[in-house]
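Asker: What would the 3D arrangement of this be:
(2 chains)
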Amino acid sequence: MNKNVSNAAEAISGIKDNMTLMLGGFGLCGIPENCISALVNAEIMGLTCISNNAGVDDFGLGLLLKKRQIKKMISSYVGENQEFERQMLSGELEVDLIPQGSLAARCQAAGAGVPAFFTPAGYGTEVAIGKEVRYFDGKPHILENALQADFAIVKAWKGDRFGNLVYKGTARNFNPVMAMAGKITIAEVEHLVEPEELDPNNIHTPGVFVQRIFQGINYEKRIEQLTIRSADK
Amino acid sequence: MLDKTGIAKRIAQELQDGWYVNLGIGIPTLIANYVPEGLNVVFQSENGILGMGPFPFEGEEDADLINAGKQTITAMPGAAIFDSAMSFAMIRGKHIQLTVLGAMEVADNGDIANWKIPGKMVKGMGGAMDLVASADNIIVAMMHTNRKGQSKLLRQCTLPLTGVKCVKKVVTNLAVLDITPDGFKLIERAPGVSVDAIEEATEGRLIIEGDIPEMKI
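Answerer: The predicted structure follows:
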């Protein structure tokens, strides 16, 4: 078993205009930096991107937004990006905002073969418009569909050629559920290691969900809100 | 009248030993600084950590360790890290005993609006809709009035809702109020604030029974 490809450019081969992509990460934490750069260089247009956030103006998915490569964003929170706000309010960018837990569950459902599920999140709000409502134990729930993607692109700390992945810290976030949901899942890792170097007991994403893997380069790992406490407290 | 720190200090008095607590962005984040001595409380951040610790010292920040506000954090001994689906499973499954979040508006039936101002501001709901739809114990931390001086405690929300009939308690710069079937019930006044001033700043139905004690901060 060898899913190793040489770099980001090779990993994204087959991604075409107007496809739907999932991209892992929370804010700028755990985002697939190498593949985002490769998508910018490849000038792939008309993308629908499913990602919890939309990056900042000059990093993350903001780089794709700046080049107008994204037609539609499906996210839960997009508040850190002025270009995003401008494109959305002017109608250039289609935006579907969905509750964060529903977003995670909809990705996981797709990967797990569950076509839809009921959740209380969003009942009685704009999110529930047009969705079936059903009561369980007297409480209203709305029907949410699984979210599928042509490609899912995730970022892990370590991985092996079988596609097994281990994440670090809160850079895990959406990566494991999105890895499950892609028709083709690409994983970029900080360290591509020999299979025997990963403990089978501590694999976060089993390799079955991953089709392509490569060791990324030049990770910037930008911090969005550097917050420190003073040493004298 | 309380400042934001005062609101956080007052809400910290609601914490109970052994609770798992989710704190939203803004005033709620400050509550972690005022946990009463001797109480063991575990803070959850919905991006995927239980056992969130204080901000790191300079030079010890880790880009791979942040909270839901994207701030650098530390992990306490006993912390656990997990993915977003697991994080909301513990929220939806009612394993978190208290949720504290900010709001733009709260109605006297417990409705809350905090994610969108049509045509002006759309940041998204993040995890707020999941949190308010499932948590049994939801406290809103906010200023009593907006920047124009208009009440944020309303008969009915005017902004798009985040959740319906879910808020249990509101702590503002002026008062502590419980949500009851008959409206906001005034529980405590902020130091130096009269019942009249609270009445004036509250648009929703307000229930005042007997003497209203002043908060002890």
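
Asker: what about residue 178, which SS state?
Answerer: Since no chain was named, I'll use chain A. Put simply, A:Met178 is helix when judged by DSSP: H, G, I helix; E, B strand; the rest coil.

Asker: Sorry, I should have been clearer: chain B.
Answerer: Put simply, B:Asp178 is strand when judged by three-state DSSP.

Asker: where along the chain do the helices fall?
Answerer: Here I'm looking at chain A. Listed in chain order, the helices of chain A (DSSP state H) span A:8-11, A:33-42, A:62-66, A:82-89, A:100-112, A:175-181.

Asker: I was after chain B.
Answerer: B:4-12, B:27-30, B:84-92, B:128-134, B:195-201.

Asker: got the contact list for the closest residue to B:Gly102 other than its chain neighbours?
Answerer: Among residues not flanking B:Gly102 along the chain, B:Gly26 sits closest, at 4.6 Å (CB to CB, 6 or more residues apart in numbering or on different chains). Using the backbone N, CA and C atoms, a C-beta is placed for each residue, glycine as well. Neighbouring residues of B:Gly26 by CB atoms under 8 Å, 6 or more residues apart in numbering or on different chains: B:Lys4, B:Gly102, B:Ala141.

Asker: quick one: which of those is nearest chain A?
Answerer: The closest of the contacts of B:Gly26 to chain A turns out to be B:Gly102 (CB to the nearest CB; 13.2 Å).

Asker: follow-up on the earlier one: what's the closest of the helices of chain A to chain B?
Answerer: helix A:100-112 (3.0 Å).

Asker: Low-confidence ranges, chain A, go.
Answerer: Of all residues in chain A, those with pLDDT under 70 make up the ranges A:232-233.

Asker: again, but for chain B
Answerer: Applying pLDDT under 70 to chain B picks out no residues at all.

Asker: How about the contacts made by B:Phe82?
Answerer: Counting by CB under 8 Å, 6+ apart, B:Phe82 has contacts A:Arg172, B:Gly48, B:Ile49, B:Leu50.

Asker: Among the residues you listed, name the buried ones.
Answerer: With neighbours counted by 16 or more other CB atoms under 10 Å in any protein chain shown, the contacts of B:Phe82 contain buried members at A:Arg172, B:Gly48, B:Ile49, B:Leu50.

Asker: Adding distance to A:Asn145, write those residues out as JSON lines.
Answerer: Shown next, in JSON lines, are these (distance: CB to CB, whole Å):
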{"residue": "A:Arg172", "distance to A:Asn145": "25"}
{"residue": "B:Gly48", "distance to A:Asn145": "24"}
{"residue": "B:Ile49", "distance to A:Asn145": "29"}
{"residue": "B:Leu50", "distance to A:Asn145": "29"}
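
Asker: Show me where chain A has its strands.
Answerer: A:20-23, A:47-50, A:70-75, A:94-97, A:116-119, A:133-136, A:139-145, A:149-159, A:165-166, A:182-192, A:212-215 (DSSP state E).

Asker: And the helices of chain B: which comes nearest B:Asn146?
Answerer: helix B:195-201 (10.6 Å; CB to CB).

Asker: so of the helices of chain B, which one's packed in deepest?
Answerer: Of these, the one with the most neighbours on average (mean count of other CB atoms under 10 Å in any protein chain shown) is helix B:128-134, at a mean of 29.

Asker: hmm, it touching chain A?
Answerer: Yes. Applying CB under 8 Å from any CB of the partner chain, one finds helix B:128-134 touching chain A at B:Ala128, B:Met129, B:Asp130, B:Ala133, B:Ser134.

Asker: The last one and A:Gly122 touch, don't they?
Answerer: No. With contact defined as CB atoms under 8 Å, B:Ser134 does not count as touching A:Gly122 (11.2 Å).

Asker: wait, what's in contact with A:Pro206?
Answerer: A:Asn164.

Asker: Phi first, then psi, for it.
Answerer: phi -60, psi 140 (degrees, to the nearest 10).

Asker: That one and chain B, how far apart?
Answerer: To chain B, A:Pro206 is 13 Å away according to CB to the nearest CB, to the nearest Å.

Asker: Just list the residues touching the closest residue to B:Gln13 other than its chain neighbours, thanks.
Answerer: Sequence neighbours aside, B:Pro36 is the residue nearest to B:Gln13 in space, at 7.1 Å (criterion: CB to CB, 6+ apart). The neighbours of B:Pro36, taking CB under 8 Å, 6+ apart as the test, are B:Ala12, B:Gln13, B:Leu15.

Asker: before we move on, the earlier item: ok, and which of the helices of chain A has the densest surroundings?
Answerer: Taking mean count of other CB under 10 Å, helix A:175-181 is the most buried of the helices of chain A, at a mean of 29.

Asker: Report the distance from that helix to the chain centre.
Answerer: 8 Å (CA atoms, centre = their mean, to the nearest Å).

Asker: Quick one: neighbours of residue 58, just the number.
Answerer: You didn't pick a chain, so chain A it is. Using other CB atoms under 10 Å in any protein chain shown, A:Asp58 has 11 neighbouring residues.

Asker: meant chain B actually
Answerer: 11.

Asker: you'd agree it is up against A:Ile228?
Answerer: Yes. Counting by CB under 8 Å, A:Ile228 is a contact partner of B:Glu58 at 4.7 Å.

Asker: what's near enough to touch residue 181?
Answerer: Since no chain was named, I'll use chain A. A:Met22, A:Cys107, A:Gln108, A:Ala110, A:Gly111, A:Ala146, A:Leu147, A:Gln148, A:Ala149, A:Ala152.

Asker: and stretch B:86-98, how far apart are its ends?
Answerer: 18 Å (CA to CA, to the nearest Å).

Asker: Excluding chain neighbours, what is closest to A:Gly124?
Answerer: Closest to A:Gly124 by CB to CB, 6+ apart is B:Val164, at 3.6 Å.

Asker: Contacts only, for A:His141.
Answerer: A:Phe118, A:Thr119, A:Pro120, A:Tyr123, A:Val133, A:Arg134, A:Tyr135.

Asker: Please report how far the second one lies from B:Pro160.
Answerer: When distance is defined by CB to CB, to the nearest Å, A:Thr119 is 18 Å away from B:Pro160.

Asker: and A:Ser13, backbone torsions?
Answerer: phi -60, psi 140.

Asker: returning to what we had before: for A:Thr119 and B:Pro160, work out which one has more neighbours and name it.
Answerer: For A:Thr119 versus B:Pro160, neighbours defined as other CB under 10 Å are more numerous around A:Thr119 (23 against 18).

Asker: Mind listing the residues bridging to that one?
Answerer: In this entry, A:Thr119 is beta-bridged to A:Ile142, by DSSP bridges.

Asker: Now do the contacts for it.
Answerer: A:Gly101, A:Ser102, A:Ala105, A:His141, A:Ile142, A:Glu144, B:Arg92, B:Asp130, B:Ala133.

Asker: try it again with 6 Å
Answerer: Shown in contact with A:Thr119 (CB atoms under 6 Å, 6 or more residues apart in numbering or on different chains): A:Ser102, A:His141, A:Glu144.
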